[in-house]
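1. A predicted structure for the sequence below; I have some questions about it.
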Amino acid sequence: MLDVEDPEFPGFQEWFYFDYVLQSKDRIIDLFAQESGPQLNEAQRQILGEWLATNRLRLFETQEVEPGVGETLQDLLSGEVFHLDNL
């Protein structure tokens, strides 16, 4: 049972809303954006967009390194794969 008075509860909420992936492969914040995002005003949509883009915990594993070219990383929490090019 969750105790909303627990000092760690806000951290749990942050993780659950923004990082926990449901069986549908969505996060709660993604579902909120789909269902309620269109009804938000411009400022609220901007805040929501920033949350979607930046408010995430990530745990990366390097999958491949190509010297002078770049590397491939996988987010072990979401399964996303990123290709980073050297500049």
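-> Structure's in. What do you need?
2. just the pLDDT for the residue nearest in space to the middle of the chain.
-> Geometric centre of the chain, nearest residue: residue 56, 3.6 Å, by Cα atoms, centre = their mean. We have a pLDDT of 71 for residue 56.
3. in this protein, which spans are helices?
-> Assigned by DSSP state H, the helices in the chain fall at 9-18, 28-36, 42-54.
4. of all these, which one comes closest to residue 77?
-> Closest of the helices of the chain to residue 77 is helix 9-18, at 10.1 Å (criterion: Cβ to Cβ). Glycine gets a C-beta too; all of them are placed from N, C-alpha and C.
5. which elements pack onto the closest one?
-> helix 28-36 (3 or more Cβ pairs under 8 Å, 6 or more residues apart in numbering; DSSP states H and E).
6. tell me which residues are up against the helix it packs on.
-> 16, 17, 18, 20, 22, 24, 26, 48, 51, 52, 55 (Cβ atoms under 8 Å, 6 or more residues apart in numbering).
7. what's the local residue count around the last one?
-> To tie it back to what came earlier, the one meant is residue 55. Residues near residue 55, counting by other Cβ atoms under 10 Å, number 12.
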